[in-house]
Structure formats: C-alpha cells, structure tokens
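Participant: Structure, please.
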Amino acid sequence: MFSFGLMLHHFHGGAHPQGQGTISADDLADIIEYLGPRNVLAPDDWIERSLAGRLEPYHRCITLDDALRCQMDVAKPVFDAYNLKAFFFVYSVVFEGKVERTELFRHYRTVRFQDVEEFYAAFFRILNKSEYASEVRDMVEDFDSIGYLSNYSFYSRSDRMFRYVRDVVLGRDRYFSVIDGMIEADAAYDSTAASRSLWLSPQDVSLLHEEGHVIGLHSHTHPTSLASLSAEEQRSEYVANMEHLSALLGEAPRTMSHPLNSYNLDTLNLLADLGVKIGFRDNMMLGPDASLLEQPREDHANIMSAIRK
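Facilitator: Numbers count the residues shown, from 1 in each chain. Sure thing, here's the model as predicted:
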C-alpha cells in the first residue's frame, strides 16, 4: 500500500437529508478508526512531507470537496473529537451569491424522490419526450455499462448511464436545461430556500482556516468537465478561485483537488504557474507514482465497503 488521502463529500444528520453517497457522523468515526487516527497527518504535515519526499506508506490525510455546509455541521465535530485537521477544497462561485447548480440538482433529487432510481426513471422519461430524445437514443445504443467509469466500482449501471448521458451526450448546458425544467414543474420544491442550506459561508471558511484546517482550490464554478475547456478557460476558473480564496484567507492557497477528476496537462501547468504545490485526484489509479499535483485519494465508499466485509 502507499500513502493516500481520504476523499469525503456529503454527510447526513440534523438538517442535512440522507441520500445517495451520504454518510453519518458515526460512519465517519468508523472510517477514522479503520484508517487509524495516528496515521492521519495534519494537512501542513502532509504538505511538508510530500514536498520533502518523506511520506510513509501508512500515512493518510483527510480531504473534503465542494464547500458543503454539511461538512461543517456533521464532519467537523468528529474531527474536533479526534483532534484532527483536514483539507477543505472550495469552489468559490457560491460566495458571489450564485448557485452551483450541480449541487442544487443533487439536493433536489435527494429530497423529492424516494431514491436515486426513481429520479433516474423520471429524468429519462422527460428526456425521451424532449428535443434530445433521438440523439440520446442513438448515443446510448452501444453504451458500455461495464467499461465506462470502471474505476469507480461503487457506481451502479444506472449511475454510469446517467453520468454518461449527463456528461458525454448532453453536456453541461443541455443537462441543466432538462433539470431546470423538472424543478420549475415541481411546485413543492423551493430552490431558493434549499440553496441557503447547502454551502459554507465565507465566515465558515475563515473559521476553518483559523483553526488549522487547510483551504485549497477546487475551481471557481466547478465545471463537470474542466479538461474539455480551453487552456484560457481553465486558467480563468483557477485564477478566479485563487483570487477569492486569497482575499478571504489573507494568503494564497497552495493546495487543490481536481473537480470530478477532470484535468489535463494544461491544468497541471497553470496550477504550477499559480504556485500550487499539492493536488489530489479522486481515485487511486496513479498510486505511488503520482506527481505532487496528482496525489491519490480513496473514496469513502470503498473504505466503507472494506469495513463492512
């Protein structure tokens, strides 16, 4: 085995609903016990050891993506109980009073459908009646449900199909238009109220920084396929993210994680230009041979699966 980061996203408990991929505070404590609290390095220690080439195979760190309020409300008390610190990778568009729609859509499908399969069924019913129906049918005809996203073993066939249609067939704008239509037709869902409960505030991010957690980049708007953007568009994403967080923290972030693991050589070059020293993927594929801007992370779902065996 080799050193890696634990990757966390969504938590349930209190005001935060349970849904696909969420874990509780007790689940997080189980994961920390499984990793071994003494093996979990503070972010500053992880950075120093990474730069010096002194990470040991048993070393772990904790990382959280997407600037979510549930991380403050559910996960941070667990970190406090263990006296642990973590990396928080933060996209910044929500600090401009704007909504990151992918996250809002996730909340919508969590609270307005019994489970994710019911959401998928509703999504494809509407898609089949849309102007995109013919194109979708043609492109999914030979869909490889085993090979697509094969590195993410916890995805079901339905998960893979949905992500393929969302990211490859429709793309960001057309996907947004379909889900926007579903939400507009659902009078029981208040997207304005929902958006007030989803993300960290600037004050939350400042508090985490003051308490010794490390805040890192995660792009400005969290594109679903950052690697498909031009080099200049990618630079705009990370420069805006860097400027927001630098102004908030009083110092420039030195770390980041790749949103949805989407990046290419242009991304790595611009991050190096911006002075970013440490970056994380969202899987373990590159293992110990990964560069400092592509360090491996293990998804909590795989660790939970190992715990339950």
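Participant: mind listing what's buried in the helix or strand hosting E232?
Facilitator: If you go by DSSP states H and E, E232 is part of helix 231-249. Buried residues in helix 231-249, counted by 16 or more other CB atoms under 10 Å: Q234, R235, S236, E237, Y238, A240, N241, M242, H244, L245, L248, L249. C-beta here means a position set from N, CA and C on the backbone, and glycine is covered the same way.
Participant: And stretch 39-51, by the same measure?
Facilitator: For stretch 39-51, by 16+ other CB under 10 Å, it's V40, L41, A42, P43, W46, I47, R49, S50.
Participant: Might one say that the third one is in contact with N83?
Facilitator: This points to A42. No - assessed by CB atoms under 8 Å, A42 is found out of contact with N83, at 9.5 Å.
Participant: Next secondary structure after the helix holding E232?
Facilitator: strand 255-257.
Participant: Please state the offset of that next one from the chain centre?
Facilitator: Remark: strand 255-257 is offset 12 Å from the chain centroid, using CA atoms, centre = their mean, to the nearest Å.
Participant: Can you identify the element that follows that strand toward the C-terminus?
Facilitator: Next along from strand 255-257, by DSSP H and E: helix 265-273.
Participant: And what about I126, helix, strand or coil?
Facilitator: Here I126 is helix, with the state taken from DSSP: H, G, I helix; E, B strand; the rest coil.
Participant: what about E118, which helix or strand?
Facilitator: With DSSP H and E as criterion, E118 is part of helix 116-128.
Participant: re earlier: could you export the helix holding E232 as CSV, CA atoms only?
Facilitator: This file holds the C-alpha atoms of helix 231-249, laid out as CSV (Å, rounded to 0.1, in the frame of the first residue of the first chain):
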residue,chain,number,x,y,z
ALA,A,231,-6.4,26.4,-21.6
GLU,A,232,-7.5,30.0,-21.1
GLU,A,233,-10.9,29.0,-19.8
GLN,A,234,-9.2,26.7,-17.3
ARG,A,235,-6.9,29.5,-16.2
SER,A,236,-9.9,31.8,-15.7
GLU,A,237,-11.5,29.2,-13.5
TYR,A,238,-8.5,28.8,-11.2
VAL,A,239,-7.4,32.4,-11.2
ALA,A,240,-10.9,33.5,-10.0
ASN,A,241,-10.8,30.7,-7.4
MET,A,242,-7.4,31.8,-6.3
GLU,A,243,-8.3,35.5,-6.0
HIS,A,244,-11.4,34.8,-4.0
LEU,A,245,-9.7,32.5,-1.5
SER,A,246,-6.6,34.6,-1.2
ALA,A,247,-8.7,37.7,-0.3
LEU,A,248,-10.7,35.7,2.2
LEU,A,249,-7.8,33.9,3.9
